[in-house]
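Visitor: just the structure for this:
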Amino acid sequence: MKRILGNIRKADTDFGMIKEGDKIAVGVSGGKDSMILLYALHLYQKFAPVKFELVGITLKLGFGGMDFNTVIDFCKEHNIEYQMVDTRVFEILKAKADARGRLPCSLCSKFKKGLLIQKAVELGCNKVSMGHHADDAVETMVMNTIHNGYISTFKAKMYMDESDVTFIRPLIYCCERDIIKAARKCVPIVPSTCPMDKNTSREDVKEMLKALYKAYPAAKSNMLNAIKNVDRVSLLAKEED
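Guide: Numbers count the residues shown, from 1 in each chain. Reported below is the predicted structural model:
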């Protein structure tokens, strides 16, 4: 956890993520990333340079067999405010499934983000956070290049004027391997029962990158540096008259 907390502090300093008096909503899916984010921000409250509030929000998407009682108990033990929200997301996604029964992950992501922001605003939060980490950022860049034809990844901090909420990603400097190690020791995990879990384009890219990193050990750190090095970007551009 020390390394994760150090990386959160660095991200907070670099991007000005957390300000005095903020109330931050954390999207809690029950997976390792969101649970570590919730716990790490709770610990960060104790030594951060500013005072801020924290609330965990779980969207009950409708997937069967997911028991959040361990998360409820964990939040009670650590005195973390926690809310659960019933939704019809799975019901809607099933109606939008393709001929092979595959659910539209991009639509699910939009629903989750929108519903999380809606609940956060209802609870008086001005910041919303999800557990995207450094490996996710690289994977997103590769996916956009392969599937969409442009080089881009998500932002560490983004203001959304339509909801007057700022979206932050405090784990942006954290590597997945460190999150996995910390999660095993520190937080309960709720296994996902989503039928698309481990069966997505992102999972394909993750496996491809694992093979790349194995063949070229320096590739991972170089790709992480590449997405941070915004001053050294050189792309094809037409000459202007």
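Visitor: can we go C-alpha only for contacts and neighbour counts from here?
Guide: Will do.
Visitor: please, where are all the strands along this structure?
Guide: 23-27, 53-60, 81-86, 127-129, 157-160, 165-168 (DSSP state E).
Visitor: I'd like to know which helix or strand in the protein has the lowest mean pLDDT.
Guide: helix 89-95 (a mean of 91; mean pLDDT, DSSP states H and E).
Visitor: alpha carbons only: can I get that helix in CSV?
Guide: As requested, the backbone C-alpha atoms of helix 89-95 are provided in CSV (Å, rounded to 0.1, in the frame of the first residue of the first chain):
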residue,chain,number,x,y,z
VAL,A,89,-28.4,-1.9,-16.8
PHE,A,90,-28.1,-5.7,-17.4
GLU,A,91,-31.8,-5.8,-18.5
ILE,A,92,-31.1,-3.1,-21.0
LEU,A,93,-27.8,-4.6,-22.2
LYS,A,94,-29.5,-8.0,-22.8
ALA,A,95,-31.9,-6.3,-25.1
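Visitor: list of residues touching that helix?
Guide: For helix 89-95, contacts defined as CA atoms under 8 Å, 6 or more residues apart in numbering pick out 61-63, 101, 103-104, 107-108, 111.
Visitor: by pLDDT, rank those and give me the bottom one.
Guide: On pLDDT alone, Gly101 ranks lowest of the contacts of helix 89-95, at 83.
Visitor: pLDDT weak spots in the protein?
Guide: Counting by pLDDT under 70, the chain contains low-confidence residues at 241.
Visitor: all helices of it, in order?
Guide: 2-15, 32-44, 69-77, 89-95, 105-122, 134-143, 176-186, 201-215, 219-228 (DSSP state H).
Visitor: packing partners of the last one?
Guide: It refers to helix 219-228. helix 134-143, helix 201-215 (3 or more CA pairs under 8 Å, 6 or more residues apart in numbering; DSSP states H and E).
Visitor: noted, bye for now.
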